[in-house]
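Enquirer: This is the structure alone, sequence omitted:
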């Protein structure tokens, strides 16, 4: 399957205009390195065909162009977010669901901007990604995605993303987080951010998430962010930062079912998958099914979810 822009044969679709799959195969702005390889692997695992089998006939695939001309990791990464925002905005204008296959988590800043409406963000991850430059100890830029999204850092660059506005933290719900650097769990408590923590008893994770979703925003719009290292490392190592604890495969699906029961997904990001790590085949298969679960939940048919 060529990884260039393509359109699958249009047919009757349960969506108004179908699904736009947007690949952003970058790690720190570098093309197809580390987690930047994950976008293509998910497509090669059969994502586009799986969407069709799920009843979604109108599927468009497009890819964000390389950003090599921009300066440094930060400059390249923000240009990726700007371009994602523009493509998502085009999909919104055409009544299409955006399914973004990103290397880095912080791509969701661009997805949220492109949606141009307030919505919940349901953030599946082993990590909070809530570090600011003054707090981070390892220098990992991608660990600042939520902090950037909330307007806590990189504000001038964030506002260079078309239609960017900060996410109100009362619209953020974490699921599966469990791997914290010093002070980060306490920071969530300081800001009263809701979380179904991944440590403890993963078998109850879907129930805990379901309770958090039973609020004043029930059945409202939501952006679903799926960092694949939310999965327990016993399933496979989605990336170098995979951690013990968290959901196994079926527990993740239970969490996604809780989301679609109490929210209306309007876009999805799948991120942070390095296919060079052990267990990559299984991780890619889970990514495909998770994407189909969310995408088809937007449609009028529920046959896929019954399988």
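Expert: Sure thing, it's come through. No experiment lies behind these values; they were computed from the predicted model shown.

Enquirer: For residue 157, see how far away residue 88 is.
Expert: When Cβ to Cβ, to the nearest Å is the yardstick, residue 88 and residue 157 sit 18 Å from each other. C-beta: built from backbone N, CA, C; applies to glycine.

Enquirer: In contact with residue 119, which residues?
Expert: Residues counted as contacts of residue 119 (Cβ atoms under 8 Å, 6 or more residues apart in numbering) are 112, 171, 220, 221, 222, 223, 266.

Enquirer: Most widely separated two among these?
Expert: Of all pairs drawn from the contacts of residue 119, the one with the largest separation by Cβ to Cβ is 112 and 220; the distance is 14.6 Å.

Enquirer: Compare those two and say which is more crowded by neighbours.
Expert: residue 112 (28 against 16; other Cβ atoms under 10 Å).

Enquirer: My understanding was that the more buried one contacts residue 223; is that so?
Expert: Yes: with contact defined as Cβ atoms under 8 Å, residue 112 and residue 223 form a contacting pair (5.8 Å).

Enquirer: tell me, what's touching those two both at once?
Expert: 119, 121.

Enquirer: In this structure residue 160 contacts residue 82, no?
Expert: Yes: here residue 160 reaches residue 82: they are 6.6 Å apart, a contact under Cβ under 8 Å.

Enquirer: now the contacts of residue 119 in CSV, with pLDDT, distance to residue 257 and secondary structure?
Expert: Below are these laid out as CSV (pLDDT from 0 to 100; distance: Cβ to Cβ, whole Å; DSSP: H, G, I helix; E, B strand; the rest coil):
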residue, pLDDT, distance to residue 257, secondary structure
112, 98, 23, helix
171, 98, 21, helix
220, 94, 17, strand
221, 95, 18, strand
222, 96, 14, strand
223, 97, 17, strand
266, 95, 18, strand
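
Enquirer: Let me see the ranges of the strands in the stretch 51-200 of the chain.
Expert: Using DSSP state E, counting those that start in this stretch, the strands found in the stretch 51-200 of the chain span residues 59-63, 97-102, 120-124, 172-175, 194-196.

Enquirer: could those strands be laid out in TSV, adding mean pLDDT?
Expert: Supplementary listing: the strands of the stretch 51-200 of the chain in TSV, determined by pLDDT from 0 to 100:
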stretch	mean pLDDT
strand 59-63	97
strand 97-102	97
strand 120-124	98
strand 172-175	98
strand 194-196	97
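
Enquirer: can you tell which of those strands is closest to residue 261?
Expert: That would be strand 120-124 among the strands of the stretch 51-200 of the chain, by Cβ to Cβ, at 12.1 Å.

Enquirer: The closest one pairs with which strands, and in what direction?
Expert: Taking DSSP bridges as the criterion, strand 120-124 forms sheet pairs with strand 172-175 (parallel), strand 220-227 (parallel).

Enquirer: Return the distance of the last one from the chain's centre.
Expert: Yep, that's strand 220-227 we're talking about. 7 Å (Cα atoms, centre = their mean, to the nearest Å).

Enquirer: Tell me what angle that strand forms with strand 97-102.
Expert: Taking axes from the mean of the first three to the mean of the last three Cα atoms, to 10 degrees, one finds that strand 220-227 is oriented at 20 degrees with respect to strand 97-102.
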